[in-house]
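*Asks:* Need coordinates for the following:
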Amino acid sequence: MIIELPDTSTKAIGAELAKARESHSLTTGRVLTLLVAIDDSGADSIDDTLETLRDASFEHPARVLVLISGDAGAATRLDAQVLVASDAGASEVVVMRLYGELTGHLGAIVTPLLLPDTPVVVCWPQKAPERPADTQLGRIAQRRITNLRRDGNGMTLQRLTAGYVDGDSDVMWSRITPWRGIVASALDRHPGKRILSAEIAGAAGDPSVDVAAGWLASSLNVQVTRRQADPAGSFPITRLALRCEDGDVEVAVQNSHTVCISTPGHADSLVAMGERSDAESLAEDLRHLGPDATYERALRGLSGVDHEL
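*Replies:* Numbering: from 1, shown residues only. Prediction:
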């Protein structure tokens, strides 16, 4: 169900949420408030964003406040839609389109609508600020999630690293969690052997491959070479080779669903690996609302990566 609230206020939105909860017998067991910030240039993908939020909400029922910033020079106005029941998944969603002076006061807009005594998470699914923790929304959130793969604001891994604060995360990092688990499993099959260096190949310009290289450099404390290669299917990483004293451990991605592991003295093995959607990656980020020390080390590890064409 979609309730239209043109030229409205946060007080009226709050009243409508309470009415919808009573009228539709909605549960009150929301586990967090999720703030989603978009501007007009990314508003054409609002349907895709809402679908991602709906899918993620089944694991994390939340109050989702989507803020779409329009023309700051226009007359001040707030138009809203309240989405409940099937249109909101397991959450309750408020889509707010802001114009005029309101575009500069996002923190004040959301404050009356935050759920009491629950964590606050902010997500920028398109354009991310240079320092998320320094924004109005970032200052009231325990977790700040960007999406570097889809960022149209010129955000780079270097800027993301320079602006990192405990609680920051990015969808491109959780996207490679299954692959990282497979790499760890491959090393478990070849214990006690010293790793001399590592090479990782993947799609040019894909930040998931770069941060994977940073993770290897920080975790293994070896020099890592990052090479460009056409991805196998839609997964960005093509191949990893860990140079060990008695032979290489290799993890080669066959396609978006299969990985081949080669270790000295063992037959090659095929392992299933599902590619993650943005919704699945977001759901993982919402499971861990504290600082992600491994992600931070992966960003710092980028300085130990050599890039070769």
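
*Asks:* got the buried residues for the worst-scoring helix or strand of the chain on mean pLDDT?
*Replies:* Ranked by mean pLDDT, DSSP states H and E, the helix or strand of the chain with the weakest confidence is helix 46-57, at a mean of 84. For helix 46-57, the neighbour count (16 or more other Cβ atoms under 10 Å) marks Ile46, Thr49, Leu50, Thr52, Leu53, Arg54, Asp55, Ala56, Ser57 as buried. Bear in mind the C-beta positions are built from the backbone N, C-alpha and C, glycine included.

*Asks:* Tell me where the stretch 1-150 of the chain is predicted with low confidence.
*Replies:* Scanning the stretch 1-150 of the chain with the threshold set as pLDDT under 70 gives 23-29, 41-44, 85-90.

*Asks:* List the neighbouring strands of the helix or strand following the least confident helix or strand of the chain plus their orientation.
*Replies:* Note on helix 46-57: by DSSP states H and E, the next helix or strand toward the C-terminus is strand 62-69. Sheet pairing for strand 62-69, assigned by DSSP bridges, gives strand 32-39 (parallel), strand 92-99 (parallel).

*Asks:* Next, the angle from strand 62-69 to helix 46-57.
*Replies:* Strand 62-69 and helix 46-57 are oriented at 160 degrees to each other (axes from the mean of the first three to the mean of the last three Cα atoms, to 10 degrees).

*Asks:* got the CA coordinates for strand 62-69 in CSV?
*Replies:* Only the C-alpha atoms of strand 62-69 are listed here, as CSV (Å, rounded to 0.1, in the frame of the first residue of the first chain):
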residue,chain,number,x,y,z
ALA,A,62,13.5,-1.6,9.7
ARG,A,63,12.0,1.9,9.4
VAL,A,64,13.5,3.0,6.1
LEU,A,65,13.6,6.8,5.4
VAL,A,66,14.6,7.5,1.8
LEU,A,67,15.6,11.1,1.3
ILE,A,68,15.7,12.4,-2.3
SER,A,69,17.3,15.9,-2.5
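
*Asks:* how far is it from where the chain is centred?
*Replies:* The chain centroid and the centroid of strand 62-69 are separated by 16 Å under Cα atoms, centre = their mean, to the nearest Å.

*Asks:* could you dump the helix or strand following that strand to CSV, C-alpha only?
*Replies:* Where DSSP H and E defines the elements, the next helix or strand beyond strand 62-69 is strand 77-83. The C-alpha trace of strand 77-83 is given here as CSV (Å, rounded to 0.1, in the frame of the first residue of the first chain):
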residue,chain,number,x,y,z
ARG,A,77,8.6,21.7,0.0
LEU,A,78,8.4,18.2,1.3
ASP,A,79,6.5,15.5,-0.7
ALA,A,80,6.3,12.1,0.8
GLN,A,81,5.0,8.5,0.2
VAL,A,82,4.5,6.1,3.0
LEU,A,83,4.9,2.5,1.9
